[in-house]
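K.L.:
heads up, no residue letters with this:
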């Protein structure tokens, strides 16, 4: 994720140098609280003038991204309303013309072609816990069997003698 994906001081994003660009994606409701990868287009609208042209974007109405790596990974909020805006600081690195990307997430039936859900990683701790539980059961069964064998030996010796 970007450096300032989770910001405690909202002013930190305001102090980032560079342009403010906006982009909109549509996601279905089940994607809430999931990590999403977004392929960002080469041209982005200026978030300040919404494409009309201003001093920030040098009257171009937007920004053109160079290079091939134009993907951002973002964790979607746990509750998605009709429209949610996520501010991502330095989404393409410190050298990019974009300082902050305003990602508008719109709730819809079908996801935008530019975004996909990132598969959740397996929980290694849960798997380790399951393995530990199975190992503990095996050890308990072995010890219980050994105790029973020893008791049987003592009982047989006591009956024979």
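P.N.:
The structure has been received and is ready for your questions. Just so you know, these numbers come straight off a predicted model, no measurement behind them. Numbering: from 1, shown residues only.

K.L.:
so which elements touch the lengthiest helix in the chain?
P.N.:
With DSSP state H setting the assignment, residue counts place helix 124-160 as the longest helix in the chain. The helices and strands touching helix 124-160, judged by 3 or more C-beta pairs under 8 Å, 6 or more residues apart in numbering; DSSP states H and E, number zero. In short, each C-beta sits where N, CA and C put it, glycine included.

K.L.:
so, low pLDDT: which residues of this protein?
P.N.:
1-10, 68-69, 123-129, 159-161 (pLDDT under 70).

K.L.:
touching stretch 24-41 from outside, list them.
P.N.:
Stretch 24-41 is contacted from outside by 23, 65, 70-80, 91, 101, 103-112, 114-118, 120, using C-beta atoms under 8 Å, 6 or more residues apart in numbering.

K.L.:
got a quick ChimeraX command for the buried subset of the residues you listed?
P.N.:
Selecting only the buried entries of those in ChimeraX, with 16 or more other C-beta atoms under 10 Å as the criterion:
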select :23,65,70,72,74,76,80,91,101,103,105,111,112,114,115
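
K.L.:
can you flag which of the contacts of stretch 24-41 belong to strands?
P.N.:
Mapping these onto strands (DSSP state E) picks out 23, 71-75, 101, 103-107, 115-117.
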